[in-house]
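# just coords:
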């Protein structure tokens, strides 16, 4: 290799050759099970109110390079328990009051907004009531109120109280 080249300039094998694409993996032992397996249905949850637990929350960047909070919420009660609701809170001048409202609902008071990444861990496992609303192709998830459900509560066997 010369200083002007690197290991990625020249492939050491033919791209997409059968031995590289499949990796020589033998899947024949799954043929019968695959034929009988039912693919899960991942339709969107219907609009409505849900009791959820915050599974994960992280900072990310939108397609327009605005900062955003990515929420993964898991339904903890009712027939749809275990399903996920995803929410992206893009942070702009116009959306800042809504982001602050979500954080207030969750009991988060920040001395300065730039401290938010340091407080995300505190949000995990919080339980809250949310409302999911869809209009045209847009879905919004609203944080309604924090719930006082102890750990282990909301197993999905009891009906939702609303």
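Everything's here; your move. In this text, all values refer to a predicted model and were calculated from it rather than measured experimentally. Numbering: from 1, shown residues only.
# C-alpha only now, for contacts and for neighbours.
OK.
# Pick out the residue nearest the middle of this structure.
Among the residues of the chain, residue 72 comes closest to the average C-alpha position under Cα atoms, centre = their mean, at 3.3 Å.
# Provide a list of residues in contact with that one.
54-57, 84-87 (Cα atoms under 8 Å, 6 or more residues apart in numbering).
# how about a cut-off of 6 Å?
Listed by Cα atoms under 6 Å, 6 or more residues apart in numbering, the contact partners of residue 72 are 55-56, 86.
# out of those, which one sits closest to residue 147?
Nearest to residue 147 among the contacts of residue 72: residue 55, at 15.0 Å, using Cα to Cα.
# picking that back up, please report the distance of the residue nearest to the centre of the chain from residue 32.
35 Å (Cα to Cα, to the nearest Å).
# do the same with residue 44
In terms of Cα to Cα, residue 44 sits 30 Å off from residue 32.
# next one: residue 84
30 Å.
# between the two, which one's more packed in?
Neighbours were counted for residue 84 and for residue 32 using other Cα atoms under 10 Å; residue 84 has more, 20 against 9.
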